[in-house]
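Chemist: Dropping the sequence and predicted coords here.
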Amino acid sequence: MNPSPPKRRVSVNTAIFAIATGLSRIAGLGREIVAASYFGTSGPASAFTIASQIPNLMANLFAQAALSAAFVPVFTELLQQGRKREAFKLASTLFWLILIALGAVTVIGILLAGSIMPLFTGSTFNNELNHLTAVLAQVLFPVVLLLGLTGLFVGILQSYDEFTIPALAPAIWNLVIIVLLVALHPHFPVGRRIYAYAVAWLVATIVQFLMVAAALRRIDFRLQFSIDWRDPRVRQVFMLMLPVTIGLGIVNLDQLLNSVFGALVSPQAPRAIDNAFRIYMLPQGVFSVAVATVLFPTLSRQAALSDVAGMRRAVGIGMRQINLLLIPAAAGMMVLATPVTRLVYQRGAFTAHSTSLVATALFWFAVSLPFGGINLLLTRTFFAVRRPWIPTGLAGLNMIVDIIVSIALYKPLGIAGLVIGTAAANAVMTALQLRRLRAGFNGRIEGGQTLMITARILVASAILAGVSWAVWKGLDVALGTSLLAQLVSVGLALAIGSAIYARLVLAMRIPEARQIEALVMGRLRRRPWDRATPSGRG
């Protein structure tokens, strides 16, 4: 393995991951559109939202993202030292430990769901909704084990710079859910059709696990049937996992917190917030997750080589790339929150009232979009240098801010107050992580350059917002609100606003904009026979 992959490979990996993740987010939005047309923002839909969040939260707490973040630096260091056999032995030991531990958690979750779930449903849920939430959770709890094992396999693939299959697997997951939901929905009795969604979710998670497991053949990974309790690297991974688990768990609690407080607002609020979150995650997943995920193995290698200058440069470029893409996305999302929500969801059981609820949440989610992206990158940076307790402590402060603001605002402002709490917490987390990282990098994180470029991005984004709203308003008045008319008005508003934004940031000579332009134009200009995927990549 090369200690530091060339910039071109990182750029191409980022592009591949962004495209694949974009497909996943689009498929996920398609899944939400189908589900919204069947269930709207009804009580059963909110019951499913809470029931699905508990297993997902536990998977993140005990494995998946937490395990990957702790495992990748250790696994990568062994590969860096040419100790492939030991690296694979470590991965095998972790596989069996996860299987035993999360298998037990899954069984306990299924048995105790009836007692656990009512703790999260709030006073607006009646006994029937509480029972429905518990049964749905029982169907979904095997996801904990499946996602834990999937997280380990994804970490192995990413250590080998294999990003395509891990990025595509969630898209397949979403497509499987859509197909099964449409096929199974009519076969359940009225009032119980939400069970079709839970069954589809579980089956799709199995398919995703098998897809990622099959990809391990590309690196000739062989699972060993043994557990080496004495391997010091196993203890090292678990020691790293502890703060990472707490940190990521606190961050992931935010979504659950919104649902729990939402259940105090109304039975419709948890589902409305979740619907808005899915739109929010489209740009977040395409851009910031792609940048942070692709840079993470590179940052781990640079940390192993004590290449502080390289890490500082990579983090600076990553922050500016995220700002370049997420600030304009946030601006467009804020001014077009209602028309975008109406276009995406309003059909079937999803009414104009549902649109109003979701659009309110989406507006305030947009405020936190750039902060969330920067936080993801900075947290991964601390993980790469094996200082996970720093973002863990900061994440604890983040949660305190979120709870205080949410408690203060959920009664007077309803859904808006809850999402404002998320935005405020993300802004505080960004400021604290930047302050701590700056101290770790001897007072230098390319802050002046990043601030100057971000100011230009803000100006260009404000122009994008104004143009997008004006174009949408004019077309909306002229064309009406039919589905085709909405597609044209919203689509042209976003397209024209984005085109003007692209022109502006290039005219402002923002280096990251030039890098993206060079990458896109370079790929387009390559001859057809040059576009074949290199050996071992795909």
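Modeler: Thanks, I have it.

Chemist: Can you tell me how far the residue nearest to residue 419 when sequence neighbours are not counted is from residue 422?
Modeler: Leaving aside its sequence neighbours, residue 419 sits nearest to residue 364 (CB to CB, 6 or more residues apart in numbering; 3.8 Å). For every residue, glycine as well, the C-beta is placed using N, CA and C. Per CB to CB, to the nearest Å, residue 364 is found 7 Å from residue 422.

Chemist: Equivalent analysis for residue 283, please.
Modeler: 16 Å.

Chemist: ok, those two, which is more surrounded?
Modeler: residue 422 (28 against 23; other CB atoms under 10 Å).

Chemist: Which pLDDT value does the model give that one?
Modeler: pLDDT for residue 422: 90.

Chemist: got it, and residue 444?
Modeler: 67.

Chemist: what's the answer for the one 5 residues further on, then?
Modeler: On pLDDT, residue 449 comes in at 81.

Chemist: Now do the helix or strand in which it is found: which elements does it pack against?
Modeler: In this assignment (DSSP states H and E), residue 449 forms part of helix 447-479. Other helices and strands packing on helix 447-479, by 3 or more CB pairs under 8 Å, 6 or more residues apart in numbering; DSSP states H and E, are helix 308-335, helix 483-507.

Chemist: between it and helix 308-335, how big is the angle?
Modeler: With axes from the mean of the first three to the mean of the last three CA atoms, to 10 degrees defining the directions, helix 447-479 sits at 20 degrees from helix 308-335.

Chemist: orientation of helix 447-479 relative to helix 483-507 in degrees?
Modeler: Using the same axes, to 10 degrees: helix 447-479 against helix 483-507 is 150 degrees.

Chemist: buried residues in helix 447-479?
Modeler: 450, 453-454, 456-457, 460-461, 463-465, 467-469, 471-472, 475-476 (16 or more other CB atoms under 10 Å).

Chemist: neighbours around the spatially closest residue to residue 405 that is not a sequence neighbour, how many?
Modeler: Spatial nearest neighbour of residue 405, excluding adjacent residues (CB to CB, 6+ apart): residue 421 at 3.7 Å. The number of residues packed near residue 421 is 27, by other CB under 10 Å.

Chemist: In which helix or strand does residue 421 reside?
Modeler: Following DSSP H and E, one finds residue 421 within helix 415-440.

Chemist: Could you list every helix and strand in contact with that helix?
Modeler: Here helix 415-440 touches helix 232-265, helix 269-283, helix 352-384, helix 389-413, going by 3+ CB pairs under 8 Å, 6+ apart.

Chemist: Could you give me the buried positions within that helix?
Modeler: Applying 16+ other CB under 10 Å to helix 415-440 flags 415-430, 432-434, 436-437, 440 as buried.

Chemist: same thing with stretch 111-121?
Modeler: Result for stretch 111-121 [16+ other CB under 10 Å]: buried residues 113, 116, 117, 118, 120, 121.

Chemist: got it, and stretch 489-508?
Modeler: Neighbour-count burial for stretch 489-508 flags 489-490, 492-494, 496-498, 500-502, 504-505 (criterion: 16+ other CB under 10 Å).

Chemist: Ok, stretch 303-316 next?
Modeler: The neighbour-count criterion (16+ other CB under 10 Å) identifies 303, 304, 307, 310, 311, 312, 314, 315, 316 as the buried residues of stretch 303-316.

Chemist: Next one: the third one from residue 299, what distance?
Modeler: Using CB to CB, we find residue 307 at a distance of 10 Å from residue 299.

Chemist: roughly how far apart are residue 407 and residue 420?
Modeler: Per CB to CB, residue 407 is found 12 Å from residue 420.

Chemist: Kindly report the same for residue 297.
Modeler: 35 Å.

Chemist: So for the residue nearest to residue 410 when sequence neighbours are not counted, what pLDDT did the model give?
Modeler: Among residues not flanking residue 410 along the chain, residue 417 sits closest, at 4.5 Å (CB to CB, 6+ apart). As predicted, residue 417 sits at a pLDDT of 93.

Chemist: hey, where'd the helices end up in the stretch 51-200 of the chain?
Modeler: With helices called from DSSP state H, counting those that start in this stretch, the stretch 51-200 of the chain shows them at 65-80, 84-116, 127-140, 142-159, 164-184, 194-215.
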